[in-house]
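*Asks:* coordinates for the following, if possible.
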Amino acid sequence: MYQKRFNSSSRGKFSRPGFHKRPFGHGSSPAFASRGNVGKRGAQGSYINPAKFINKNAQDEVAVAYTPQYRFADFPITPALKNNIIAKNYDTPTPIQDKAIPHVLQGKDVVGIANTGTGKTAAFLIPLINKVLGDAKEQVLIIVPTRELAIQIDAELKGFTRGMRLFSVCVVGGASIGPQLSALRHKNNFVIGTPGRLKDLIERGSIRLNEYQTVVLDEADRMLDMGFINDMRYVMKGMPQARHTLFFSATLSREIEGLIKEFLRDPVHVSVKTGDTAKNVEQDVVKIIPGTQKVDVLHELLIQKEFNKVLIFGRTKHGVEKLSKLLASRGFAAESIHGNKSHSQRQRALAKFKDNHAQVLVATDVAARGLDIANVSHVINYDLPMTYDDYVHRIGRTGRGDKRGKALTFIE
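*Replies:* Just a heads-up that it's a prediction; the model follows:
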């Protein structure tokens with residue numbers, strides 16, 4: 001467990017971030033010795049035993065190597081799509097891709113459950129692109145919880161469809177609706193959007209649901225958490241009864257199981273989930289000693305060399321913005337993402353972090369689901385998550401694929 005220790009001479013004297021590693025106290029903390037009796041609860045959140053934030057042996061666990069049944073070259077898909085897959089340096093499918101793609105190619109409804117960072121997006125995009133290439137009338141609707149995820153899926157789609165003359169449009173809230181309305185006047189093979197904006201465009205008559213034979217619900221548990229259930233039902237009710245429905249998520253709750261029964265017909269269940277959290281994410285807590293400022297503890301972490309690309313989660317939009325500005329005033333290259341920022345501001349902040357022009361991205365849980373950001377070294381839960389599911393998704397931003405990562409949770 002990490003434990004922060006200050007002496008009188010260290011307060012107010014900080015080195016420039018990233019130049020050297022400060023010594024940091026290790027060992028057991030008396031204040032946390034009885035952690036089994038300590039309860040932590042986010043504002044209006046559920047109780048989370050702090051012991052669930054600790055898994056220091058994660059990187060020492062030997063994962064059983066998965067042997068895929070297929071290679072991408074084995075799938076019955078068009079040569080042009082195979083060439084684009086090869087161009088993206090894809091050779092061997094991940095477990096969710098290996099198990100889901102054959103069923104999607106056969107036109108079956110699929111429920112895919114897998115840990116974050118395991119390639120769920122390609123698991124539905126590749127077979128659906130092949131489906132559209134085989135039928136010019138085919139149109140696909142992809143519903144996601146956040147604008148960032150929608151934009152990310154659209155970018156991955158464009159990579160797979162380069163040179164194929166397939167068209168897509170991304171329709172999300174927070175962005176100007178005018179360009180989206182203009183794009184929808186033309187035929188689009190794929191429409192990717194968030195529930196609220198999709199409902200608005202359907203009501204305007206710009207999206208005619210009877211024209212869409214295939215629908216993907218990605219991160220549906222997050223859409224449920226964000227209060228989009230009525231919008232989801234509105235969209236699904238307008239879809240043709242004879243449709244192809246795909247459902248992908250990292251978690252599966254009782255409520256989500258109910259939605260699966262409501263929206264899908266005799267689905268194939270594909271689960272390659274290996275546990276609540278990825279085994280290659282080392283997890284620990286940072287005990288905040290009474291009288292110590294959390295931001296000072298955070299500062300001491302961020303100046304260590306290995307904290308080179310850090311995603312920090314806060315609870316509120318105001319708190320996230322305040323922390324980002326405070327870190328910037330201390331010399332860190334810090335950006336922020338939260339619901340009070342415009343679409344363009346969020347995209348600029350995300351781009352700087354992805355391109356390594358920012359060391360730190362401070363975010364609310366809007367960044368906890370679905371985002372694929374390469375090489376995040378650490379996730380820090382500056383504020384406790386509301387639920388354990390939120391924790392799972394937060395720390396899933398690091399240690400993606402076969403990479404290693406670390407997650408730290410501040411405990412006061």
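*Asks:* please enumerate the strands of the stretch 1-150 of the chain.
*Replies:* In the stretch 1-150 of the chain, the strands defined using DSSP state E, counting those that start in this stretch lie at 2-3, 40-41, 47-48, 110-113, 140-143.
*Asks:* average pLDDT for the second one?
*Replies:* Averaged over strand 40-41, pLDDT sits at 48.
*Asks:* can you check the fourth one too?
*Replies:* Computed over strand 110-113, the mean pLDDT rounds to 93.
*Asks:* got the CA positions of it in PDB?
*Replies:* Provided in PDB are the C-alpha atoms of strand 110-113 (Å, rounded to 0.1, in the frame of the first residue of the first chain):
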ATOM      1  CA  VAL A 110     -25.200 -12.000 -30.200                       C
ATOM      2  CA  VAL A 111     -24.600 -10.900 -26.600                       C
ATOM      3  CA  GLY A 112     -20.800 -10.400 -26.100                       C
ATOM      4  CA  ILE A 113     -19.300  -9.900 -22.600                       C
END
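*Asks:* who does that strand touch, helix- and strand-wise?
*Replies:* helix 95-105, helix 120-134, strand 244-249, strand 268-271 (3 or more CB pairs under 8 Å, 6 or more residues apart in numbering; DSSP states H and E). From N, CA and C alone the C-beta is placed, and that goes for glycine too.
*Asks:* dump the strands of the stretch 1-150 of the chain into CSV; add distance to Val169 and mean neighbour count as well.
*Replies:* Shown next, in CSV, are these (distance: least, CB to CB, whole Å; neighbours: other CB atoms under 10 Å):
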stretch, distance to Val169, mean neighbour count
strand 2-3, 46, 19
strand 40-41, 42, 14
strand 47-48, 39, 15
strand 110-113, 24, 24
strand 140-143, 11, 24
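*Asks:* can you put those strands in TSV and add distance to Glu156?
*Replies:* Compiled in TSV, the strands of the stretch 1-150 of the chain are given as follows (distance: least, CB to CB, whole Å):
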stretch	distance to Glu156
strand 2-3	36
strand 40-41	36
strand 47-48	33
strand 110-113	16
strand 140-143	11
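*Asks:* nearest approach to Gly174 belongs to which of those strands?
*Replies:* Closest to Gly174 of the strands of the stretch 1-150 of the chain, according to CB to CB: strand 140-143, at 16.1 Å.
*Asks:* got the contact list for that closest one?
*Replies:* The contact list for strand 140-143, computed with CB atoms under 8 Å, 6 or more residues apart in numbering, reads 124, 128, 131-132, 150, 153, 189-195, 198, 209, 212, 214-218, 223, 232, 235, 239.
*Asks:* do you know which of the strands of the stretch 1-150 of the chain lies nearest Phe75?
*Replies:* Once the strands of the stretch 1-150 of the chain are compared by CB to CB, strand 110-113 is nearest, at 14.9 Å.
*Asks:* give the pairing partners of the closest one; include direction for each.
*Replies:* Strand 110-113 pairs in its sheet with strand 244-249 (parallel), strand 268-271 (parallel), by DSSP bridges.
*Asks:* closest one to Tyr47 among those strands?
*Replies:* Comparing the strands paired with strand 110-113 by CB to CB, strand 244-249 comes nearest, at 23.5 Å.
*Asks:* what sits up against that closest one?
*Replies:* Against strand 244-249 from outside (CB under 8 Å, 6+ apart): 104, 107, 109-114, 120, 123-124, 128, 131, 213-221, 256, 259-260, 263-265, 267.
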